[in-house]
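[1] Sequence isn't available, so here's the structure alone:
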């Protein structure tokens with residue numbers, strides 16, 4: 001069982017930056033592939049970035065060059081650095097975990113989810 005708790009969201013102006021954190025419980029964090037997803041009102045929950053157990057990363061095309069995912073296995077934490085924020089980035093951001101080494105974009109592939117953290121970007 002893994003519990004995930006996100007933090008770091010907030011209200012920022014366009015062009016600003018945020019760093020989201022996701023703290024995981026449990027002793028086997030380094031065996032989980034982690035993903036960051038986001039969901040805007042009225043839209044589906046989509047992956048923005050993922051990081052595998054060996055720190056390979058994946059980014060959605062819409063965030064490449066602006067978002068950076070990283071993990072610190074000693075702290076059981078995964079991060080999402082978001083730069084050059086745009087109003088279109090406004091959403092609830094969720095952290096998710098799945099056993100195994102592959103990064104999937106489908107939400108159904110992830111076993112554990114956090115409660116989400118709101119990111120709002122003003123123009």
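    The structure has been received and is ready for your questions. Only a predicted model underlies this, so the values are computations on that prediction, with no experimental measurement involved.
[2] Spatially central residue in this protein, please.
    residue 36 (2.1 Å; CA atoms, centre = their mean).
[3] Adjacent strands (with direction) for the helix or strand hosting that residue?
    Per DSSP states H and E, residue 36 falls inside strand 32-39. Partners of strand 32-39 in the sheet, by DSSP bridges, are strand 46-51 (antiparallel), strand 91-99 (antiparallel).
[4] Okay, strands next: where are they in this protein?
    4-7, 10-13, 18-24, 32-39, 46-51, 57-59, 67-72, 77-82, 91-99, 112-113, 117-122 (DSSP state E).
[5] Out of the ones you listed, which gets nearest to residue 105?
    When the strands of the chain are compared by CB to CB, strand 46-51 sits nearest residue 105, at 4.4 Å. From N, CA and C alone the C-beta is placed, and that goes for glycine too.
[6] quick one: the closest one to strand 67-72, angle?
    For strand 46-51 against strand 67-72, the angle by axes from the mean of the first three to the mean of the last three CA atoms, to 10 degrees is 40 degrees.
[7] can you tell me how far residue 54 sits from residue 118?
    To residue 118, residue 54 is 31 Å away according to CB to CB, to the nearest Å.
[8] I'd assumed residue 7 was in contact with residue 114.
    No. Judged on CB atoms under 8 Å, residue 114 makes no contact with residue 7 at a distance of 9.4 Å.
[9] These two - which one has more neighbours?
    residue 114 (21 against 14; other CB atoms under 10 Å).
[10] who's in contact with that one?
    Residue 114 makes contact with 4, 5, 6, 22, 94, 95, 96 under the criterion CB atoms under 8 Å, 6 or more residues apart in numbering.
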